[in-house]
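Chemist: predicted model and sequence follow; I will ask about them next.
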Amino acid sequence: MTAYTERAKGSALADFVTEHAQVLSIALFFVACLAFFGLMTPTFLTTGNILNVIRQAAPILIVAVAMTLVITTAGIDLSVGSTVALVNAVVAIAMAQGMDWPVAVALMLGMGGLIGAAQGWFIAYQGIPAFIVTLAGLSILRGFALYLTEGYSIPITDAPGFFWLGRGTLGGIPVPALIGLLIAALGFVVMLRTRYGRQVVAVGSNMEAARRVGMPARWIVASVYIVSGVACAIAGLLLAARLGSGSSNAAVGFELQVIAAVVLGGTSLMGGKASMVGTVLGTMTIAVIGNGLILLHISPFFTQIVTGTIILIAIWMNTRLFSSNLRLRRKG
């Protein structure tokens, strides 16, 4: 008769570090960036600059929260930048035509949801890969924005309530930052505490298995693109409110920043694994790097090279760390 012995249990701290290794690594990297730029330029750690970083990062954070859901289902949404631009342009056109801003805001949220629903339908119910659908959306939606604006910026006037959404403060904290943090907190609760969040993870881990146990797998996949569309609408509205105008050239390259923030935070591109805390840290890391390099008076062309290199190295380190943890667990 074979005797079985239970594997010795490690310390609570060691188990915690192993379980949250990727989030801890990006947290350390974020702190290192803060320390580096704080030492290199005295302006960086001033209250005004920190609040400015948070305000500018809010649109990326809002869409990154939704993108976390999308990537957790093993999908991708390359159209987020174009959706932001379209909403940004259309809300300016609508308000220039005399539409009240609360009505315009509500319509833009609905438009974002419809855009997401259309893409989600093609992906979930027609079986077209998300990469192809959203790549087409990237071109189509940006094209619509260019067509409607003819390439010009559309000014927004006489809308103090709308401008408050992008420029106002509450308790000294920028309103866009508060909206971003509220949405991030909501995303955290949804992923960890709700049935829907568990279904998103299950579908990303194995869609066929999720379908066989009775989950509405296709609807779950379609729904995350609806969430993404609404998040893009919010981001587009905040950009329009902060800048006081709408433009078809808004949010160029936005999708790359959002995807990088999510992956940098530890969400797996293969699906089935997500971290909302990591997404927040990834977003702020990218925002801090961009702001710090500008304060160091580095050429904006070189800034893109440095930012991309840092992101690649950080993601590579996270991937190596994750693989090492898997091997240790299997040996244990």
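Modeler: Nice, I can see it. Remember, it's a predicted structure, so these values are computed and weren't measured experimentally. Numbering: from 1, shown residues only.

Chemist: show me the shaky parts of the stretch 201-332 of the chain.
Modeler: Residues of the stretch 201-332 of the chain meeting the criterion pLDDT under 70: 311, 314-315, 317-332.

Chemist: at 90 instead, please
Modeler: Flagging of the stretch 201-332 of the chain using pLDDT under 90 yields the residue ranges 208, 210-211, 214, 251-253, 256-257, 260, 263-275, 290, 293, 297-332.

Chemist: would you map the strands across it?
Modeler: Assigned by DSSP state E, counting those that start in this stretch, the strands in the stretch 201-332 of the chain fall at 245-246.

Chemist: how about the helices in it?
Modeler: 207-212, 217-243, 254-264, 276-295, 300-331 (DSSP state H, counting those that start in this stretch).

Chemist: format these as JSON lines; extra columns: distance to Val31 and mean neighbour count.
Modeler: The C-beta positions use only the backbone N, C-alpha and C, and glycine is treated the same way. Shown next, in JSON lines, are the helices of the stretch 201-332 of the chain (distance: least, C-beta to C-beta, whole Å; neighbours: other C-beta atoms under 10 Å):
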{"stretch": "helix 207-212", "distance to Val31": "37", "mean neighbour count": "14"}
{"stretch": "helix 217-243", "distance to Val31": "27", "mean neighbour count": "25"}
{"stretch": "helix 254-264", "distance to Val31": "14", "mean neighbour count": "25"}
{"stretch": "helix 276-295", "distance to Val31": "10", "mean neighbour count": "23"}
{"stretch": "helix 300-331", "distance to Val31": "13", "mean neighbour count": "13"}
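
Chemist: out of the ones you listed, nearest to Thr73?
Modeler: Checking the helices of the stretch 201-332 of the chain against Thr73 by C-beta to C-beta gives helix 217-243 as the closest, at 5.4 Å.

Chemist: give me the distance from that closest one to the chain's centre.
Modeler: The chain centroid and the centroid of helix 217-243 are separated by 10 Å under C-alpha atoms, centre = their mean, to the nearest Å.

Chemist: try stretch 139-155
Modeler: That offset, for stretch 139-155, works out to 23 Å (C-alpha atoms, centre = their mean).

Chemist: still on that earlier bit, between the helices of the stretch 201-332 of the chain, which one is closest to Val90.
Modeler: Comparison of the helices of the stretch 201-332 of the chain against Val90 by C-beta to C-beta identifies helix 217-243 as nearest, at 8.5 Å.

Chemist: now the helices of the stretch 201-332 of the chain as a markdown table including distance to Ile26?
Modeler: Listed next are the helices of the stretch 201-332 of the chain as a markdown table, based on distance: least, C-beta to C-beta, whole Å:
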| stretch | distance to Ile26 |
| --- | --- |
| helix 207-212 | 28 |
| helix 217-243 | 21 |
| helix 254-264 | 6 |
| helix 276-295 | 5 |
| helix 300-331 | 7 |
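
Chemist: what's the closest of these to Gly48?
Modeler: Nearest to Gly48 among the helices of the stretch 201-332 of the chain is helix 276-295 (11.8 Å), distances taken as C-beta to C-beta.

Chemist: which other helices and strands does the closest one contact?
Modeler: With contacts taken as 3 or more C-beta pairs under 8 Å, 6 or more residues apart in numbering; DSSP states H and E, helix 276-295 sits against helix 21-40, helix 47-72, helix 175-193, helix 254-264, helix 300-331.

Chemist: find the residue at the geometric middle of the protein.
Modeler: Against the mean C-alpha coordinate of the chain, by C-alpha atoms, centre = their mean, the closest residue is Ala64 at 0.7 Å.

Chemist: does that one touch Gly282 like I think?
Modeler: Yes - using C-beta atoms under 8 Å, Ala64 is in contact with Gly282, at 7.2 Å.
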